[in-house]
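Novice: Just the structure for this:
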Amino acid sequence: MIEHGHKTNRIIVLGFLTIGALCMVIPMMSALAVALTPPTAPLTGRILFVPTHFYWRNFVSAWTELGMGPLLGNSAWVAMGTVVGQVGISTMAAFSISRLRMPGSRFLLYFFVTTMFLADTVILLPIFLVVRSLGLLDTLIGVVLPHLAWGLSVLFLVRYMDGIPRDFDEAARIDGASEWRILFRVIGPLSMPAIAVMMIETFVGTWNDFILPLVVISSTNKYTVALGLVELTGRNVGVLPQISMAATVTAMLPVLFIFLILQRYFVRAVSAGGVKA
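Specialist: Here you go, the predicted model:
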């Protein structure tokens, strides 16, 4: 009887997971289907889930008409700069809070947590004023800088590092290792699953960010993908929906590529969290 109940619960969970997966996959397949539809084929009144055409020239037109090359380059610069900077700052902050036991470190952690409750629109004006005072308006660095400190990354890494036994630290100190060596040779590698998850979240969030580039960037040659697709598509009223969707699909590919590279670390972090729980 108990085994039958477990089997029923498993079927229900798998059913919900399947529905959730379909809700995520169907819009992506629909976008790809529209992107591969020839410009001569009407889209009005049609619901596409599976590609019925394979007209690849839409991607070429999106690259030439909307200038996808510079947009992707700017977004890659901003996203990678944010990932590197945020990983470095968050890892060092989390290590100092979790392992060094400095006075007031936990209060500092709670301060980081409180910043998570602030909406982006609330801090947008202070961010703009700071970026302007630094002379970084209309620069890609002005987009990267506000992303470097994120309370959720610090909190996530602190909780993960708290689960690593302190025996590793003590053994390294007995061998004469400094705190920097312990961070980069012991705690850092052991925290790679959590760091990989943070890298994915940071990359996706920065890549899809629209508000901050809209406030900071004014030159079209410095537009990111999210800003460029909205601004350039809105200005070029003659752009076909197939070409716009091809540009959107192209913009999704780097995010998918990053996730495929780091997915084993993502699964490992989720599994470790489940075991600890």
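Novice: where do the helices sit along the stretch 151-277 of the chain?
Specialist: For the stretch 151-277 of the chain, helices defined by DSSP state H, counting those that start in this stretch occupy the ranges 151-162, 167-174, 179-182, 188-190, 192-207, 211-216, 225-235, 241-276.
Novice: Indicate which one of the ones you listed is closest to residue 143.
Specialist: Taking C-beta to C-beta, helix 211-216 is the member of the helices of the stretch 151-277 of the chain nearest to residue 143, at 5.3 Å. All C-beta spots, glycine's among them, are computed from the backbone N, C-alpha and C.
Novice: just to revisit the earlier point, which among the helices of the stretch 151-277 of the chain is found nearest to residue 36?
Specialist: Comparing the helices of the stretch 151-277 of the chain by C-beta to C-beta, helix 241-276 comes nearest, at 8.0 Å.
Novice: What's the mean pLDDT across that closest one?
Specialist: The pLDDT scores in helix 241-276 average 74.
Novice: just use 431 as the starting number from now, easier for me
Specialist: Taking 431 as the first residue, the last one we looked at is helix 671-706.
Novice: Tabulate the helices of the stretch 581-707 of the chain in CSV, adding columns for mean neighbour count and distance to residue 464.
Specialist: CSV is the format used below for these (neighbours: other C-beta atoms under 10 Å; distance: least, C-beta to C-beta, whole Å):
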stretch, mean neighbour count, distance to residue 464
helix 581-592, 20, 34
helix 597-604, 13, 52
helix 609-612, 15, 52
helix 618-620, 14, 44
helix 622-637, 21, 21
helix 641-646, 20, 25
helix 655-665, 18, 14
helix 671-706, 16, 4
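Novice: Adding distance to residue 509, write those helices out as CSV.
Specialist: Shown next, in CSV, are the helices of the stretch 581-707 of the chain (distance: least, C-beta to C-beta, whole Å):
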stretch, distance to residue 509
helix 581-592, 15
helix 597-604, 32
helix 609-612, 27
helix 618-620, 22
helix 622-637, 5
helix 641-646, 11
helix 655-665, 9
helix 671-706, 8
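Novice: among these, which is nearest residue 548?
Specialist: helix 581-592 (9.2 Å).
Novice: looking at it, residue 545 is touching residue 581, isn't it?
Specialist: Yes. If you go by C-beta atoms under 8 Å, residue 545 and residue 581 touch, sitting 4.2 Å apart.
Novice: To residue 560, which of the helices of the stretch 581-707 of the chain lies closest?
Specialist: helix 641-646 (10.8 Å).
Novice: which outside residues touch that closest one?
Specialist: 508, 550-551, 554, 557-558, 561, 566-569, 572-573, 576-577, 653-654, 656-657 (C-beta atoms under 8 Å, 6 or more residues apart in numbering).
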